[in-house]
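Participant: below are the sequence and a predicted model; questions follow.
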Amino acid sequence: MTEMTGSRLRGSLTALVTPFRDGAFDEDAFRKLVRWQLEQGSHGLVPTGTTGESPTLTHAEHDRVVEACIDEAGGRVPVVAGAGSNSTAEAVERAQHAERAGANAVLVVTPYYNKPTQEGLYAHFKAVNDAIGIPIIIYNIPPRSVIDMSVETMARLFELKNIAGVKDATAKIDRVSQQRQAMGESFIQLSGEDATALAYNAQGGHGCISVVANVAPRLCADLQEASLSGDYAKALTIQDRLFPLQAGLFAEANPAPVKYALARLGHIAEELRLPMVPVSAATRRIVDDALRHAGLLEG
């Protein structure tokens, strides 16, 4: 990993939704969303992750979303392409495509459902590492994948040439310090939980791969810039504005609430793919109130 790439993987990186219209990928809406993210100051873009409904994208759609994001970003911010799968061969294929398309890094989730051992996790990530030449961010999310990569396994992986850091969605704030002790300050630590991203940075984190940044990119970027510069008083003021949104956008399974919020703000159509369905009336009220609290919706 180059010094330049590592220094750019910090701040607010938006875990982008994938807009659909009439059942198909809405590339025009997606490109407009990417342009708005850039205008609003997001520090990076992460397409085709869980928020991007990657489990229900075809391989061709997955690749096209990545290509469109890279093209629209135009090198202005890093693109970290989601390339995870519980099939190692498939993860390698998606990672190789992302590299060919020009992604700056890939996000690779711990294999879900088949529950590999720690040795299996090591072998999975080593196979992806050996197949590409761009940085890999490990996505550790036990609530969705059922398995938790240990700090020891992560430290072994960090010895490989392309393993650069972690998106940590364990909800264990002390994990930041444990990983900092084991891997040092150069290991990139990005929060995968918006509500605790401020605390994560205080422990030594470098930023957040954010769902909330889909709808509040400027506020999320401002929070990250304030906390990373040590201005925690300013960051806390922004956190107070964002917290109802950080909670409300997870009132039901992501990305249904954030797609509703984006539709409410006029950015995309509120369309999901089964088994994801639109949010309930109660959640709509929660999200509306949170958008108003953040100053993003009038009335």
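Facilitator: All right, it came through fine.
Participant: and Arg100, how many neighbours?
Facilitator: Using other C-beta atoms under 10 Å, Arg100 has 12 other residues around it. Every residue, glycine included, has its C-beta placed from N, CA and C.
Participant: ok, now the one 3 residues further on?
Facilitator: Number of residues near Ala103 (other C-beta under 10 Å) recorded here: 28.
Participant: I'd assumed Val77 was in contact with it.
Facilitator: No - assessed by C-beta atoms under 8 Å, Ala103 is found out of contact with Val77, at 12.0 Å.
Participant: give me the common contacts of these two.
Facilitator: Here Ala103 and Val77 have no joint contacts, going by C-beta atoms under 8 Å, 6 or more residues apart in numbering.
Participant: secondary structure of Cys220: a strand, I assume?
Facilitator: No - applying DSSP: H, G, I helix; E, B strand; the rest coil, one finds Cys220 to be helix, outside a strand.
Participant: how near is it to Leu198?
Facilitator: 11 Å (C-beta to C-beta, to the nearest Å).
Participant: which of these two has more neighbours?
Facilitator: Using other C-beta under 10 Å as the criterion, Cys220 and Leu198 rank with Cys220 on top: 31 against 23.
Participant: tell me the pLDDT of that one.
Facilitator: pLDDT, the model's per-residue confidence, is 98 for Cys220.
Participant: what does the one 5 residues further on give?
Facilitator: Predicted confidence (pLDDT) at Glu225: the value is 98.
Participant: check whether it really touches Gly11, as I assumed.
Facilitator: Yes - counting by C-beta under 8 Å, Glu225 does reach Gly11; the two are 6.7 Å apart.
Participant: these two: which has the busier surroundings?
Facilitator: Using other C-beta under 10 Å as the criterion, Glu225 and Gly11 rank with Gly11 on top: 25 against 18.
Participant: that one pairs with what?
Facilitator: Applying DSSP bridges to Gly11 gives these bridge partners: Gly207.
Participant: would you mind measuring from it to Gln224?
Facilitator: 4 Å.
Participant: and for Ala123?
Facilitator: To Gln224, Ala123 is 34 Å away according to C-beta to C-beta.
Participant: any idea how far the nearest residue to Glu298 once chain neighbours are set aside is from Pro217?
Facilitator: With C-beta to C-beta, 6 or more residues apart in numbering as the criterion, Glu298 has its nearest non-adjacent residue at 7.4 Å, and that residue is Arg292. Distance, Arg292 to Pro217, by C-beta to C-beta: 18 Å.
Participant: ok, which stretches of the stretch 1-150 of the chain are helices?
Facilitator: 3-8, 27-39, 59-73, 88-101, 118-131, 142-145 (DSSP state H, counting those that start in this stretch).
Participant: I'd like the average pLDDT over the first one.
Facilitator: Mean pLDDT, computed over helix 3-8, is 61.
Participant: equivalent analysis for stretch 54-70, please.
Facilitator: Rounded mean pLDDT across stretch 54-70 is 97.
Participant: offset the numbering so it begins at 569, please.
Facilitator: Happy to do that; since the first residue is 569 now, the last one works out to stretch 622-638.
Participant: pull the distance from that stretch to the chain's centre.
Facilitator: Stretch 622-638 sits 15 Å away from the centroid of its parent chain (C-alpha atoms, centre = their mean, to the nearest Å).
Participant: over to stretch 596-613?
Facilitator: Here the centre of stretch 596-613 is set off from its chain's centre by 14 Å, with C-alpha atoms, centre = their mean.
Participant: and for stretch 635-650?
Facilitator: 13 Å.
Participant: roughly how far apart are Leu766 and Ala803?
Facilitator: 6 Å.
Participant: what do you get for Gln757?
Facilitator: 17 Å.
Participant: again, but for Val744
Facilitator: Val744 is 16 Å from Ala803, by C-beta to C-beta.
Participant: that older thread, make CSV out of the helices of the stretch 569-718 of the chain and add distance to Ala770.
Facilitator: Listed next are the helices of the stretch 569-718 of the chain as CSV, based on distance: least, C-beta to C-beta, whole Å:
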stretch, distance to Ala770
helix 571-576, 20
helix 595-607, 25
helix 627-641, 29
helix 656-669, 32
helix 686-699, 28
helix 710-713, 22
